[in-house]
Structure formats: structure tokens, C-alpha cells
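Student: Generate coordinates for the sequence data below:
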Amino acid sequence: MQNGHLNWISNFIWGIADDVLRDLYVRGKYRDVILPMTVLRRLDAVLEPANSAVMDMKAALNKAQVDNQDLALRQAAGQAFYNTSGFTLRDLRNRATRQQLKADFEAWLDGFSPNVQEILENFEFRNQIPRLSKADALGTLIEKFMDSSINVSPNPVLNGDGSVKHPGLDNHAMGTIFEELVRRFNEENNEEAGEHWTPRDAVKLMARLIFEPIAEKIESGSYMLYDGACGTGGMLTVAEETLRELADEHGKQVSTHLFGQEINAETYAIAKADFLLKGEGEAADNLVGGPEHSTLSNDAFPAKSFDFMLSNPPYGKSWKSDQERMGGKSGIKDPRFIIEHDGDPEYSLVTRSSDGQMLFLANLISKMKPGTTLGSRVAEVHNGSSLFTGDAGSGESNIRRWVIEKDWVEAIVALPLNLFYNTGIATYVWVLSNRKTKHRRGKIQLIDATQWFTPLRKNLGKKNCDLSEFDIRRILDTFAAFEETEQSKIFENASFGYSKVTVERPLRVTDIDPKAVYGAKEIKAFKEAGRVSHRGHPLIRRIHKLGKVQPNPLHGFCEARIDGRVCVVEYEPDSELRDTEQVPLTEPGGIESFVRREVLPHAPDAWVAKDKTQIGYEISFTRHFYKPKPLRTLEEIRADILALERETDGLLAEVVGETA
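Tutor: I've put the predicted structure just below:
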């Protein structure tokens with residue numbers, strides 16, 4: 001009954017757009033008016049009973065010349081917002097002229113509290129008023145939202161006999177209606193849908209992946225949740241609901257504090273409005289956003305740490321403008337992205353400017369709680385490039401190395417294709433914790449959930465499937481079991497690491513003294529003269545006394561006899577012959593064993609440039625979950641060949657005009 005009632009109200013508000021805006025806006029722009037008006041109508045209905053109390057408080061504060069009035073006015077309104085204009089929407093319905101309505105409507109907007117002003121600014125709603133007024137549609141719009149057929153007030157509308165004509169809407173119900181409108185507008189704009197809005201089924205999975213594994217350890221108390229790319233706020237609200245449900249099931253009482261940051265102005269406005277409509281004024285205050293508030297270059301919460309974090313950052317999107325604001329690639333000093341690791345005090349996590357998705361993961365990790373029993377748990381969606389893009393020593397590889405060597409990665413889940421609205425590419429949920437359970441320590445679980453989905457009857461953008469409750473349960477059970485199956489593989493952390501070694505070979509030059517040392521100018525002249533040849537002698541660039549330097553041919557320090565004395569020489573490397581090899585960290589015998597087995601049999605004069613060796617990490621789902629297709633039998637191949645021969649014989653007969 002309740003859901004049906006909410007759907008009816010959603011449908012009614014949805015219909016206002018067609019009734020009032022059809023000839024004024026293209027369909028994709030209806031949201032620019034309907035969403036902010038829905039917010040304003042609800043706020044107006046909630047504030048109406050306290051209107052006189054707010055005006056009295058405003059007068060008293062002005063008389064006392066109090067500058068900071070926000071808290072006192074909130075208290076007078078009994079809400080996290082207020083309006084000091086003296087108007088309500090009900091008052092504005094009766095304005096005689098279009099000009100008077102426009103002026104009073106703008107005065108009504110100006111009377112809202114600063115947090116509502118921020119919502120209006122990011123919706124850019126004031127930009128719509130001249131168009132609505134000029135077309136004489138503003139009054140009609142207000143009339144439609146004030147229609148007696150619907151009630152968006154928290155108080156019921158009564159019949160003359162005292163019976164309930166329309167029940168009141170609590171904050172949760174109003175939030176549900178608003179989210180439904182946002183969902184519909186997102187689905188109508190398929191190109192944009194999903195850029196700032198993650199499907200609810202994917203969000204549910206992520207929330208349950210961070211809460212269910214520690215559900216029995218949750219104690220009564222206060223928990224802080226954070227999303228560094230919060231979009232319309234859906235991840236935070238679903239996470240909050242999931243945490244509260246699990247706490248209730250275990251007889252615990254929890255309070256939650258939500259924090260988020262979002263760069264897109266409209267989606268930030270939607271998130272802030274949604275929280276206000278749900279009665280979560282504190283959470284609305286803890287949202288920071290707009291174009292000047294990029295998470296990467298302008299962290300809104302540098303001193304805070306959080307218990308639970310989840311995010312769907314933009315992937316494949318340039319962050320070059322952020323990078324420039326932060327001082328350029330070499331000038332970045334942000335402690336989230338330049339850290340200390342493995343003895344390097346300036347270990348760089350800075351990725352290519354063309355894709356900043358992994359920096360959002362580094363941002364979340366920087367906000368982990370180090371000293372609590374549960375620590376922090378993280379779930380973040382990435383595309384496939386986060387698993388393997390970037391050579392050893394690059395920002396992407398360094399981030400993978402850092403989180404794996406710190407033993408924070410619990411699992412990575414491969415999601416079905418076409419699960420999101422604006423992309424059909426492969427996506428993965430990274431699940432991290434800085435308080436791994438004992439049996440997970442030193443290991444990472446890879447889960448292939450690409451085939452666990454429920455097809456949709458009708459595509460929503462590129463989204464053609466859902467994660468049903470059954471699908472989500474399979475993933476959670478596979479995660480919890482932590483066993484090797486066809487869809488679950490478990491690896492030691494080091495399995496994903498490798499040493500990238502640079503293999504050098506000597507520069508060989510004809511007609512030189514094989515025991516002399518040559519400098520850079522001479523080497524340049526030899527190259528220009530065309531004297532570099534595999535038939536030449538290896539060219540020495542440095543000679544060391546035996547004892548001061550020990551012979552180590554594997555790293556380019558070779559023993560030689562010069563002028564009757566045994567020395568250690570270094571040869572000039574030939575850049576044309578330079579090569580690199582990836583040696584797994586798990587290689588038995590390490591780099592030396594690998595080089596002796598794989599390199600020296602083919603190039604006996606080769607050596608490893610030790611100072612150029614770098615550690616890299618990459619994760620290949622394709623390799624670990626590869627399912628080879630069975631080869632066709634000889635009979636099948638023979639049948640195909642004979643069929644082709646018969647076909648070509650027939651074609652040849654047609655060409656030369658023969659008849660059978």
C-alpha cells in the first residue's frame with residue numbers, strides 16, 4: 001500500500017514536467033526544473049507550521065544585532081534548514097501579475113538557509129526563472145506542485161470529518177520519491193546515466209562486501225562512512241541502511257555519520273537535497289561539492305579517518321587540470337600521493353594524467369583508521385586497467401605494490417559485463433581492509449562473478465543485466481568460504497609481483513684497443529663512423545682495482561687481465577641491444593637463477609643493470625580464469641574442407657560455363 005502510494009506521487013510529479021514544460025524544454029532538461037522544485041516544495045511543506053516562529057526569531061536576532069544566526073534559526077524551525085522570507089508557496093499562488101510572482105518567488109528563494117542556497121546554486125535553478133516567468137509557466141508550475149491530489153508534507157491532510165484524506169510522508173518516504181525521480185531522469189538520459197549514478201544492485205553488493213564479513217564484530221556505537229566520489233549519494237545511503245540492518249540483527253545500536261565529496265555541481269546538489277529531504281541535516285552539512293571541490297586537488301577531509309568507505313570513481317578520465325593545480329607531476333607533495341614505502345621517503349603514487357581512478361583508491365587508503373579493532377574497510381569499483389596498466393615504477397603499479405605489500409587487499413571481484421549504465425566494459429570491485437582476519441593474511445582472493453547475473457527484459461542504457469539477491473548471495477558466500485573453486489582463486493601476495501630487470505650487452509666497436517678505456521666523445525665518434533659491430537671488441541668504460549670492487553659478471557663487473565694485472569672492468573652498454581625481462585618475485589633462486597636459465601644461454605656476454613631493477617605488480621584475471629576452448633576433431637576439420645571443396649568446384653563450374 002505504502003509503495004503504491006509513493007509510486008503514485010512519483011508519477012504525479014513526473015507528469016508535471018509534460019504538463020508544464022513540454023514546449024519550454026527538451027525532455028533531457030526537464031530535470032533542471034522538476035528536481036529543485038520537488039526539493040523546494042517538500043522543504044516548504046515541512047517549514048510551514050514553524051513559519052511564524054522563524055520570523056519571530058529572525059526579528060529578535062536582528063534587533064539584538066546578532067550576526068551568526070544560522071543555529072538559532074534552525075532551532076526555531078525545528079529543522080536543519082529554514083526560510084526567513086515570510087512567504088510560503090501557498091502565499092505565492094495568489095499573485096495577480098507575472099512580474100509580482102517572479103519578484104516574490106525570488107524573494108522566497110532568497111529567504112532559505114545557506115545550505116539550501118548551496119543546493120539551488122549547484123542546480124543553477126535561478127537561471128530557469130526568467131524562462132518560466134516569460135512563458136507564464138511559473139504560476140502553473142506552483143499550482144501543480146500545490147495540487148490537493150498529493151501531499152508531500154510530513155503531516156496528514158484530513159477530511160472534514162477528521163478522517164485522513166492523504167497520509168503524511170515521513171523523511172524516508174520523501175527521500176524514496178526523490179530518488180525515484182532521479183532514477184527516471186537518469187534512465188531517460190542514457191548517455192549521462194551512470195556517469196554519476198551507480199546501479200543500486202552494484203551498490204548493494206559493495207555495501208554487503210564491507211559489512212557482512214565483520215557483522216558479528218560490530219559493536220554499539222558511532223561509525224563514520226565516506227565516499228570520495230559520492231555522485232548523488234546513493235552509496236552512502238545504501239551503506240548506512242545495510243550497516244543499521246546488520247546491527248539490528250545482532251542486537252546492536254549504531255549511529256552513522258556520512259561524509260562525501262563530489263565535483264559535479266548538479267549531482268552534488270541532488271545528494272545534498274536527498275539528505276535534507278531524509279531529515280539527515282548533519283549528513284547534508286558533511287557533503288562538500290561543486291567544480292572547485294575536486295577530491296584529488298582539494299581534499300575536503302584531510303584530517304579525518306573513516307570506518308567504512310566505498311566509491312565508484314571516474315575511470316579513463318583525465319585529471320590533468322588537477323595535476324596542474326597541485327604543482328605538476330614533479331611538483332606534487334600531497335601526502336596522500338607521495339608517501340614513504342620500502343625505504344623510499346618519496347614513493348610516488350602519481351598516475352598518468354589521462355586516468356586518475358587509482359588516485360581515488362589512494363585517497364581512501366589515506367583515510368583508513370589505524371588504531372581501532374575493526375580498522376577500516378573499503379570497496380571501490382574500477383575498470384580492468386587498474387589491474388595491469390602501468391609499467392614497474394609507474395604510479396599505477398606503485399599503488400598496486402603498496403596496497404599488496406601492506407597486505408590490505410582482501411579480494412577483487414570481477415563483475416558481469418554491461419552491469420553499469422554508461423559502459424559495457426569489464427569492471428571490478430576491490431575489497432580492502434587494514435585488519436585482515438588471520439586466515440586471509442598474506443593472501444588475495446580473486447572471484448570471477450562475470451556469469452552470475454540476471455538478464456533485464458529491457459536495456460537501461462548499456463545496462464542489460466542485474467545482480468539479483470541470489471547473485472549477490474553467491475558472491476558473498478564465495479567470498480566468505482575463501483576456498484579454491486572454478487570461480488574463486490587464492491594467491492599469495494607475492495604472486496602478483498615481479499622484478500623488471502634491464503639486461504645489457506656490451507657495445508662492440510671495431511679497430512679499438514680492447515684493454516683501453518674510452519670516453520663519451522670517443523664513443524660518439526665511433527658510432528658516427530659506423531664502427532659499432534657485433535664483430536668488434538667490447539668497449540671498456542671503467543677499470544677497477546681487484547679488491548676495491550669484486551667481480552660479478554651477472555651485474556656487469558667482469559674480471560680481466562690488463563697490463564699483466566687482474567682487474568675488474570665495466571663495459572659500455574649498447575642501447576640498441578638493451579632489453580628488459582619480468583622476473584616473478586616467486587622465481588626459485590631469484591633474478592640470478594632466471595638470468596642464467598633464460599638469458600645467458602642466448603647472450604653469454606649479457607648482464608643485469610642492478611641499479612635499474614624495479615618492482616612492479618599486476619593482476620591478470622584472464623590468465624587465472626582462462627578457459628581454453630576444446631580443439632575441433634580431425635573429422636570435423638575434414639568435413640569442413642570437403643564442404644569448401646564442393647563449394648569451390650560449383651563456383652568454378654559457373655565461371656567457365658560448364659554444366660553438370
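Student: all contacts plus neighbour counts: C-alpha atoms, from now on.
Tutor: OK.
Student: wait, isn't residue 262 in contact with residue 268?
Tutor: Yes - contact criterion CA atoms under 8 Å: residue 262 and residue 268 qualify, at 5.6 Å.
Student: tell me, what's touching these two both at once?
Tutor: Contact with both residue 262 and residue 268 is made by residues 230-231, 287-290, according to CA atoms under 8 Å, 6 or more residues apart in numbering.
Student: Return the item of those residues having minimum pLDDT.
Tutor: Lowest pLDDT of those: residue 231, 86.
Student: so it sits in a helix?
Tutor: No - secondary structure of residue 231 (DSSP: H, G, I helix; E, B strand; the rest coil): coil, not part of a helix.
Student: Relative to residue 403, how far out is it?
Tutor: Counting by CA to CA, to the nearest Å, the gap from residue 231 to residue 403 is 25 Å.
Student: And what about the closest residue to residue 457 other than its chain neighbours, helix, strand or coil?
Tutor: Nearest non-adjacent residue to residue 457, counting by CA to CA, 6 or more residues apart in numbering: residue 464, 7.8 Å away. Judged by three-state DSSP, the three-state class of residue 464 is strand.
Student: Show me what residue 544 is bridged to.
Tutor: As for beta bridges, residue 544 partners with residue 568 under DSSP bridges.
Student: With residue 615 instead?
Tutor: For residue 615, the beta-bridge partners under DSSP bridges are residue 499.
Student: what's the neighbour count on it?
Tutor: Residue 615 has 20 neighbouring residues, counting by other CA atoms under 10 Å.
Student: Also the one 10 residues further on?
Tutor: Using other CA under 10 Å, the number of residues around residue 625 comes to 15.
Student: show me what contacts it?
Tutor: When contacts are counted by CA under 8 Å, 6+ apart, residue 625 touches 448, 486-487.
Student: What about those residues, which are in strands?
Tutor: Counting by DSSP state E, the contacts of residue 625 place residue 448 in strands.
Student: Please check the contacts of residue 625 and keep the buried ones.
Tutor: With burial judged by 16 or more other CA atoms under 10 Å, the buried subset of the contacts of residue 625 is 448, 487.
Student: Including distance to residue 513, could the contacts of residue 625 go into CSV?
Tutor: Output for those, formatted as CSV (distance: CA to CA, whole Å):
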residue, distance to residue 513
448, 61
486, 63
487, 63
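Student: Going by distance to residue 142, which of the contacts of residue 625 wins?
Tutor: Taking CA to CA as the measure, residue 142 sits nearest to residue 448 out of the contacts of residue 625, at 51.5 Å.
Student: Tell me what the closest one is bridged to.
Tutor: residue 414.
Student: Over to residue 382?
Tutor: Judged by DSSP bridges, the bridge partners of residue 382 are residue 428.
Student: dump the residue contacts of it.
Tutor: Counting by CA under 8 Å, 6+ apart, residue 382 touches 312-313, 315, 357, 427-430.
Student: the more surrounded of residue 231 and residue 403?
Tutor: Between residue 231 and residue 403, counted using other CA under 10 Å, residue 231 has the larger neighbour count: 30 against 18.
Student: Distance to residue 155 for the shared contacts of residue 262 and residue 268 - can I get that in TSV?
Tutor: Listed next are the shared contacts of residue 262 and residue 268 as TSV, based on distance: CA to CA, whole Å:
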residue	distance to residue 155
230	31
231	31
287	28
288	31
289	32
290	34
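Student: just the buried members of these?
Tutor: Among the shared contacts of residue 262 and residue 268, the ones that count as buried by 16+ other CA under 10 Å are 230-231, 287-290.
Student: now, which of those residues sits nearest residue 378?
Tutor: Distance ranking of these against residue 378, using CA to CA, places residue 230 first at 14.0 Å.
Student: if I look at the closest one, how far off is residue 104?
Tutor: 35 Å.
Student: Stretch 417-427 spans what distance, first to last residue?
Tutor: Taking CA to CA, stretch 417-427 runs 7 Å from one end to the other.
Student: And the strands in the stretch 301-450 of the chain?
Tutor: For the stretch 301-450 of the chain, applying DSSP state E, counting those that start in this stretch gives strands covering 308-311, 338-341, 344-348, 377-383, 409-414, 427-433, 443-448.
Student: Pull out the buried residues from the third one.
Tutor: So the one you mean is strand 344-348. By neighbour count on 16+ other CA under 10 Å, the buried set for strand 344-348 is 347-348.
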